[in-house]
Structures are given as C-alpha cells and as structure tokens.
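[1] Just to be clear, the model below is a prediction. Sequence and coordinates:
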Amino acid sequence: MNQEKQQALQNIRTAKGQIDAVIHMLEEERYCLDISNQIAAIQSLLKKANLLILQQHLNHCVATAFQEGSGEEKTQEVMQLLDRIIGK
C-alpha cells in the first residue's frame, strides 16, 4: 500500500472512531454544538482521505493510463467524479 492510501486509511479509521464517539454523544444527549463540531471534524477527515485517494489515482493510475494511450478516458472519469463532489 502506498503512502497516500496509508494516510487515507488512517484518516478513515480516525473518522470511524469519531463516528462512534458522536453516536455515544447523541445517546447521552450532549450539547448539540459539541456534536455538530465533531461531525464537522469527521467530514474534514473524510474529505482529506478522499483527496489522498484521488491524488494516488492521478499519480499512479492516470499517469500509467497516459503512458498506455488511454489517459483521456481516465481524465474523463476523474472529471465526472469531481462533478459529483463539487455538485454543480
């Protein structure tokens, strides 16, 4: 597993732990803004993980595809994904 995927995995594992903590906070009826802050932190971790996975894809899969002559197709796939993420 390369460095980008390793870091993405760590971010997702951390987010998973935070999700469990948010569930516990909800069950304990903790202060809403504290819960919301934790949810925002989880979203940030997941966003970072997604960017690392995309970086890995560009650095490896897309680069290889260009060397093999199918780079345009991989570029289009990335653009479609970005369109969904950004949400025009």
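    Looks like it arrived, so ask away.
[2] CA atoms for contacts and neighbours, from now on please.
    OK.
[3] which intervals of the protein have sub-threshold pLDDT?
    For the chain, residues meeting the criterion pLDDT under 70 lie at 88.
[4] Contact partners for the residue nearest the centre of the chain?
    With distances taken as Cα atoms, centre = their mean, the chain has Asn50 as the residue nearest its mean C-alpha position (2.2 Å). By Cα atoms under 8 Å, 6 or more residues apart in numbering, Asn50 lies in contact with Ala8.
[5] ok, 10 Å please
    Asn50 sits next to Glu4, Lys5, Ala8, Leu9, Asn11, Ile12, Ser44, Gln56, Ile85 when contact means Cα atoms under 10 Å, 6 or more residues apart in numbering.
[6] That one and Glu73, how far apart?
    Distance of Asn50 to Glu73, given as Cα to Cα, to the nearest Å: 20 Å.
[7] now swap in Ile12 and tell me
    Distance of Ile12 to Glu73, computed by Cα to Cα: 28 Å.
[8] repeat for Met25
    Here the criterion is Cα to Cα. By it, Met25 lies 45 Å from Glu73.
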